[in-house]
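Novice: Sequence and predicted structure below; questions after.
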Amino acid sequence: MTIGYGQQTWEGKPVTLTYPGSVTAANASNELERHINDPKAGLKSLLGKNIRKPVTSSMYDALASFGHNLSPKEFSASSVLSQLNS
């Protein structure tokens, strides 16, 4: 399940058929910003911990999009990341 801009979690909790209910565009934007920048579990942190080789800005953007659509565990174990870092 996803909501907003593809978030699988909302305020740290898994998205379900009933949670979080309907959201406004402003709420979705705020949650996306939190999802990207959270220092412990954010997308920037996930990329920083897992990308071991230099990448171009286009490659980083593609990896960010890819990582946004996976759980942190799935991203860390992905063949894309494995091939990039090999």
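Specialist: Received it, and whenever you're ready, just let me know what you need.
Novice: Excluding covalently adjacent residues, which one is nearest to residue 5?
Specialist: residue 32 (4.6 Å; Cβ to Cβ, 6 or more residues apart in numbering). Quick note: C-beta positions are derived from backbone N, CA and C, even for glycine.
Novice: now residue 84
Specialist: residue 53 (6.2 Å).
Novice: Just the mean pLDDT for the helix or strand harbouring the residue nearest to residue 5, thanks.
Specialist: Residue 32 belongs to helix 25-37 when assigned by DSSP states H and E. Throughout helix 25-37, pLDDT has a mean value of 92.
Novice: That helix - contacts with which helices or strands?
Specialist: When contacts are defined as 3 or more Cβ pairs under 8 Å, 6 or more residues apart in numbering; DSSP states H and E, helix 25-37 sits against helix 43-50.
Novice: mean confidence for the helix it packs on?
Specialist: The model assigns helix 43-50 a mean pLDDT of 94.
Novice: Could you tell me which residues make contact with residue 43?
Specialist: Taking Cβ atoms under 8 Å, 6 or more residues apart in numbering, we find residue 43 in contact with 35-37, 64, 67-68.
Novice: Residue 70 versus residue 79, what's the distance?
Specialist: 12 Å (Cβ to Cβ, to the nearest Å).
Novice: Which one of these two is surrounded by more residues?
Specialist: residue 70 (16 against 7; other Cβ atoms under 10 Å).
Novice: That one belongs to a strand?
Specialist: No. Read with DSSP: H, G, I helix; E, B strand; the rest coil, residue 70 is coil and lies in no strand.
Novice: can I assume it is in contact with residue 78?
Specialist: Yes. Look at residue 70 against residue 78 with Cβ atoms under 8 Å: they come within range, at 6.9 Å.
Novice: Now for these two: what residues contact both?
Specialist: Overlap between the contact sets of residue 70 and residue 78, as judged by Cβ under 8 Å, 6+ apart, is nil.
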